[in-house]
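**Student:** quick one, fold the following:
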Amino acid sequence: MTTFGKLTTSALLGLGLLTSSLYADADKGQRLYQKKLKTTCGMTGAVFAAKHTQMEWEEAKESGTLAEMMTEACPEGKSFFESDKFKSKFEEHLYDFVHDFASDSGNIPSC
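**Tutor:** The predicted structure is shown next:
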């Protein structure tokens, strides 16, 4: 394989890895809620996501108050929502989950 072929293959693989981790996933957010918050919050993901409308979740994300809004919906999860791991790894996925299953979305999650 020529140097050009190796560079092209490496660039395509790197680009593929970067783009796949940049997109949030509502299904992953649902799994995160089930695994990390369902027992702590004492409610299903449907009840948690339906605490607000899609517009309210969206405004909270844009204003940077999503963690506070989630803490209002689930006060027992305050330490989780204030953690660095939430900001760095979970926030985008949980946002997509609550946005997709908000009270006015018409969708009902299976958790």
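**Student:** and stretch 28-41, how far from the chain's centre?
**Tutor:** 10 Å (C-alpha atoms, centre = their mean, to the nearest Å).
**Student:** ok, now stretch 40-48?
**Tutor:** 15 Å.
**Student:** same question for it: list its buried residues.
**Tutor:** 41, 43-45, 48 (16 or more other C-beta atoms under 10 Å). The C-beta positions use only the backbone N, C-alpha and C, and glycine is treated the same way.
**Student:** stretch 83-103 too?
**Tutor:** Buried-residue list, stretch 83-103, by 16+ other C-beta under 10 Å: 86, 90-103.
**Student:** repeat for stretch 102-111
**Tutor:** 102-103, 105, 109, 111.
**Student:** dihedrals phi and psi, the residue nearest the centre of the chain?
**Tutor:** Centroid-nearest residue in the chain: residue 93, 1.6 Å away (criterion: C-alpha atoms, centre = their mean). Dihedral angles phi and psi of residue 93 (degrees, to the nearest 10) take the values phi -70, psi -40.
**Student:** just the ones of the buried residues of stretch 83-103 in helices?
**Tutor:** Taking DSSP state H as the definition of helices, these contribute 91-100.
**Student:** let me have those residues in a markdown table, extended by distance to residue 75 and pLDDT.
**Tutor:** Formatted as a markdown table, these follow (distance: C-beta to C-beta, whole Å; pLDDT from 0 to 100):
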| residue | distance to residue 75 | pLDDT |
| --- | --- | --- |
| 91 | 18 | 94 |
| 92 | 22 | 95 |
| 93 | 21 | 95 |
| 94 | 16 | 95 |
| 95 | 19 | 95 |
| 96 | 23 | 95 |
| 97 | 19 | 94 |
| 98 | 16 | 95 |
| 99 | 21 | 95 |
| 100 | 23 | 94 |
